[in-house]
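**Student:** all I have is the shape, not the residue letters:
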């Protein structure tokens, strides 16, 4: 798995967009970018993933740069319940049982 | 929405005892995983399992650990002789086999405390 680099922590005001950056400059052509989050010691929660196109679902948007060396997770309207550690992971591809290699992630604190 | 379930939520055991952690993956998933997270540390991969055999295992997954899919619904992690350093949260995950199959869905975890 390609190594990813994320800021240690970020703050965001409730109701504002939270933009979480991730650097994955050594990502290979078949590796996807996955975002998970972990609230306290709960199980990691899948948010979104993508290969090269931007993606959007009901939770978030994922913007991947054209060279695929970095990406940004966008939570459009952050709430207090979005306070968590967010992990950006580059891994695997279609049909592979690839392990997920978690780093230390970004601790997002959403405040009133 | 289908989800991965794990039992028990908390297991306390004495050093040297055997423990079995249980997981029920999402029903149409065929790839299964175990991860662990020692308090305050990263989530670490232990093992992946497909077609009734181990696909990949980490250095952590030594001879003390084993996994099994004893029936069509359960996936278990056994630790034969627990050590103090096995105290951690253990997470089970599962994923589909085709299409966008790389998405792993995690259970809520089992907190293992070895005394």
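**Tutor:** Structure's in. What do you need? Owing to the predicted nature of the structure, the values given are computational and were not obtained by experimental measurement. Numbers count the residues shown, from 1 in each chain, chains lettered A, B, ... in the order given.

**Student:** can we go C-alpha only for contacts and neighbour counts from here?
**Tutor:** Fine.

**Student:** how near is the residue lying closest to residue A:5 once chain neighbours are set aside to residue A:90?
**Tutor:** Residue nearest to residue A:5 in three dimensions, not counting chain neighbours: residue A:23, with 5.0 Å by C-alpha to C-alpha, 6 or more residues apart in numbering or on different chains. Separation of residue A:23 from residue A:90 (C-alpha to C-alpha, to the nearest Å) stands at 10 Å.

**Student:** of these two, which one has the most company?
**Tutor:** residue A:90 (26 against 19; other C-alpha atoms under 10 Å in any protein chain shown).

**Student:** ok, the more buried one to chain B distance?
**Tutor:** The gap separating residue A:90 from chain B is 11 Å, by C-alpha to the nearest C-alpha, to the nearest Å.

**Student:** partners of the residue most central in space within chain B in the sheet?
**Tutor:** The residue lying closest to the centre of chain B (C-alpha atoms, centre = their mean) is residue B:34, at 3.1 Å. Legend: beta-bridge partners of residue B:34 under DSSP bridges are residue B:47, residue B:92.

**Student:** any idea what residue B:56 is bridged to?
**Tutor:** Taking DSSP bridges as the rule, residue B:56 bridges to residue B:48.

**Student:** cool, residue B:12 as well?
**Tutor:** The residues listed as beta-bridge partners of residue B:12 by DSSP bridges are residue B:113.

**Student:** and if you look at the one 10 residues further on?
**Tutor:** As for beta bridges, residue B:22 partners with residue B:7, residue B:76 under DSSP bridges.

**Student:** pretty sure it sits against residue B:74.
**Tutor:** Yes: counting by C-alpha atoms under 8 Å, residue B:74 is a contact partner of residue B:22 at 6.8 Å.

**Student:** comparing these two, which shows the higher neighbour count?
**Tutor:** Set residue B:22 next to residue B:74 and count neighbours by other C-alpha under 10 Å: residue B:22 wins out with 23 against 16.

**Student:** so who does that one touch?
**Tutor:** Residue B:22 is in contact with B:6, B:7, B:8, B:74, B:75, B:76, B:77, counting by C-alpha atoms under 8 Å, 6 or more residues apart in numbering or on different chains.
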